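Enquirer: sequence plus predicted model, see below.
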Amino acid sequence: MSESCGAVSLSQSQSLPGVAGGSAMDMDPVEFTLRKRLPRKLPRRRNDVYVNMKTDFRAQLARCQKLLDSAGPGPREICIHGLGLAISRAINIALQLQACSQGALQLAANTSTVELVDDLEPEDPDEGETLTRTRNNSAIHIKVFYPQ
Amino acid sequence: MEPSDHPEVFQGEPSGGHNTRRMQSALPTLPPPRSLPSALKPMQSSFKKVYCMEEASPSPFPGLVAGVLEMRVKEGSKIRNLMGFAMARMQGEHRDSEGGLRQVVFAGSGRAVTKTITCAEIMKRRVGGLHQLTKLRYKCVQEVWESGEGSAPQTTVHRNVPAISILLSKDPLDPREPGYQPPGDLGVFWRAPAEGVEHESPQLATGKRPLSPLMQPSQTDSKRLYSGVRVTCTQALTY
């Protein structure tokens, strides 16, 4: 399974079954289960780190530090990605790395919007069909690098 | 807006105004709160944050002219309020060709970081052609906690919370500055993969979902992803 490296999935990634409330009009008669799909199109190079809220913070920090310390062929830089709630943790990791390096590391942060897809599956398969909804969430991508 | 605008209950939910009574640290020891919010468990009511002050720190954008509109995003800020104000100022009152401000800064810390980015992303999408500069740093926050029993003295805690400042400008900025994003750069990280980048199929990664849940015409992109599944499998195992 590609998910053998579980530490690199995003915070929104797990399919959390949660019963959608009957507040919206078109959801009223049938009960739906809200399933969140994984965010799509993840670039995964060797130096990409996806921060989530499930893994221990120190473990993720140590992993980033190890990636930075390991001498690769290219320039020593890593890219830390955080989505939604994991944004502040991604920033925290990047700032911790910078603090530990006594100012040798530099940060370059970019922000983006990620489109996420939710599936609304009816509880009873005979009633209605699966609906999909898209929503937006914010993401951050922090390049942590040693300046030339 | 004063920093003390959002008094917060220890371990409670994000303050939604359930404790509107403003408490000042200068007051003598207060009697126990008369009406604790019903959501509070007895265990959680032992300590309460009465005051939270952000310490002044220099602007992360040194070269900026004074008087730039700074939107301080807080945890409880409503996006519609922030955007309504900021958009009106950026577009000008009468939407003239040259009306409105040239630059705006969104700043937030702690749990408001996500909201800050969301505001900046919305503004970029609506206004268009904005140059962006993002800066990260720690912000020192001073919190005053008070025991729920009302007898113990107050304790002051200094915390470092992650903070973000996003400068959006209609005028060009220095592209060599770390954290610069040119206009129209809507998610290059996700859309234009560089060499050696792999895609991962959402279905494959969860491992729980049956294939082809419901493909809609708008999801041609994710269909295209299936062709890359095999590559992902082999390479991700070695990761």
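Expert: Thanks, I have the structure now.
Enquirer: just the pLDDT for the spatially closest residue to A:Thr111 that is not a sequence neighbour.
Expert: Counting by Cβ to Cβ, 6 or more residues apart in numbering or on different chains, B:Ile117 is the residue found nearest to A:Thr111 once chain neighbours are left out, at 4.9 Å. Just so you know, the C-beta spots here come from the backbone N, C-alpha and C atoms, and that holds for glycine as well. The per-residue pLDDT reported for B:Ile117 equals 94.
Enquirer: now do the SS call for B:Ile117.
Expert: Taken by DSSP: H, G, I helix; E, B strand; the rest coil, the conformation at B:Ile117 corresponds to helix.
Enquirer: ditto for B:Met83
Expert: When the structure is split into helix, strand and coil by three-state DSSP, B:Met83 lands in helix.
Enquirer: OK, contacts around it?
Expert: By Cβ atoms under 8 Å, 6 or more residues apart in numbering or on different chains, the contact list for B:Met83 reads B:119, B:122-123.
Enquirer: residue ranges with poor pLDDT in chain A?
Expert: Counting by pLDDT under 70, chain A contains low-confidence ranges at A:1-30, A:38-43, A:71-74.
Enquirer: chain B too?
Expert: Going by pLDDT under 70, which is the cut-off in play, chain B has low-confidence ranges at B:1-45, B:93-99, B:148-152, B:185-239.
Enquirer: among the contacts of B:Met83, who's most crowded?
Expert: Neighbour count (other Cβ atoms under 10 Å in any protein chain shown) singles out B:Cys119 as the most crowded of the contacts of B:Met83, with 24 neighbours.
Enquirer: off-centre distance for the longest strand along chain A?
Expert: Here the longest strand in chain A is taken by residue count, with DSSP state E as the criterion, and it is strand A:106-122. Between the mean C-alpha point of strand A:106-122 and the mean C-alpha point of its chain there is a distance of 8 Å (Cα atoms, centre = their mean, to the nearest Å).
Enquirer: packing partners of it?
Expert: Helices and strands touching strand A:106-122, as assessed by 3 or more Cβ pairs under 8 Å, 6 or more residues apart in numbering or on different chains; DSSP states H and E, comprise strand A:32-36, helix A:86-100, strand A:131-145, helix B:113-127, strand B:131-147, strand B:180-181, helix B:188-191.
Enquirer: change it to 7 Å
Expert: Packed against strand A:106-122 by the contact rule (3 or more Cβ pairs under 7 Å, 6 or more residues apart in numbering or on different chains; DSSP states H and E) you find strand A:32-36, strand A:131-145, helix B:113-127, strand B:131-147, helix B:188-191.
Enquirer: and those: which comes nearest B:Pro172?
Expert: Taking Cβ to Cβ as the criterion, B:Pro172 comes closest to strand B:131-147 out of the helices and strands packed on strand A:106-122, the separation being 5.8 Å.
Enquirer: partner strands of the closest one, parallel or antiparallel?
Expert: strand B:47-54 (antiparallel), strand B:155-169 (antiparallel), strand B:180-181 (antiparallel) (DSSP bridges).
Enquirer: about what we covered before: any chance of the contacts of B:Met83 in TSV with distance to chain A as columns?
Expert: TSV is the format used below for the contacts of B:Met83 (distance: Cβ to the nearest Cβ, whole Å):
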residue	distance to chain A
B:Cys119	9
B:Ile122	9
B:Met123	11
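Enquirer: so what's B:Leu173 up against?
Expert: With contacts defined as Cβ atoms under 7 Å, 6 or more residues apart in numbering or on different chains, B:Leu173 is in contact with B:131, B:133, B:180.
Enquirer: and the first one, bridged to which residues?
Expert: Which is B:His131. With beta bridges defined as DSSP bridges, B:His131 has these partners: B:Ser169.
Enquirer: with the last one instead?
Expert: When assigned by DSSP bridges, B:Tyr180 has beta-bridge partners B:Leu133.
Enquirer: B:Tyr138 now?
Expert: With DSSP bridges as the criterion, B:Tyr138 is bridged to B:Pro162.
Enquirer: re the thing from before, I'd like the contacts of B:Met83 as JSON lines, with distance to B:Gln91 appended.
Expert: As requested, those are arranged in JSON lines below (distance: Cβ to Cβ, whole Å):
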{"residue": "B:Cys119", "distance to B:Gln91": "15"}
{"residue": "B:Ile122", "distance to B:Gln91": "13"}
{"residue": "B:Met123", "distance to B:Gln91": "10"}
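Enquirer: how about the helices and strands packed on strand A:106-122 in CSV, adding distance to B:Glu70?
Expert: Listed next are those as CSV, based on distance: least, Cβ to Cβ, whole Å:
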stretch, distance to B:Glu70
strand A:32-36, 34
strand A:131-145, 19
helix B:113-127, 11
strand B:131-147, 13
helix B:188-191, 27
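Enquirer: can you classify the residue of chain A most remote from its centre as helix, strand or coil?
Expert: The outermost residue of chain A, judged by C-alpha distance from the chain's mean C-alpha position using Cα atoms, centre = their mean, is A:Asp126 at 34.1 Å. Using three-state DSSP, the secondary structure recorded for A:Asp126 is coil.
Enquirer: before we move on, the earlier item: neighbour-wise, which of the contacts of B:Leu173 leads?
Expert: Of all the contacts of B:Leu173, the most densely surrounded is B:Leu133 (23 neighbours; neighbours counted as other Cβ under 10 Å).
Enquirer: and it, how far from B:Pro178?
Expert: As for B:Leu133, its distance to B:Pro178 is 9 Å (criterion: Cβ to Cβ, to the nearest Å).
Enquirer: and B:Leu168, by the same measure?
Expert: B:Leu168 sits 17 Å away from B:Pro178, going by Cβ to Cβ.
Enquirer: who has more neighbours out of the two?
Expert: Here B:Leu168 and B:Pro178 are set side by side on neighbour count (other Cβ under 10 Å), and the busier one is B:Leu168, at 27 against 16.
Enquirer: now that one. Nearest residue, chain neighbours left out?
Expert: Closest residue to B:Leu168 in three dimensions, ignoring its sequence neighbours and counting by Cβ to Cβ, 6+ apart: B:Leu130, at 4.6 Å.
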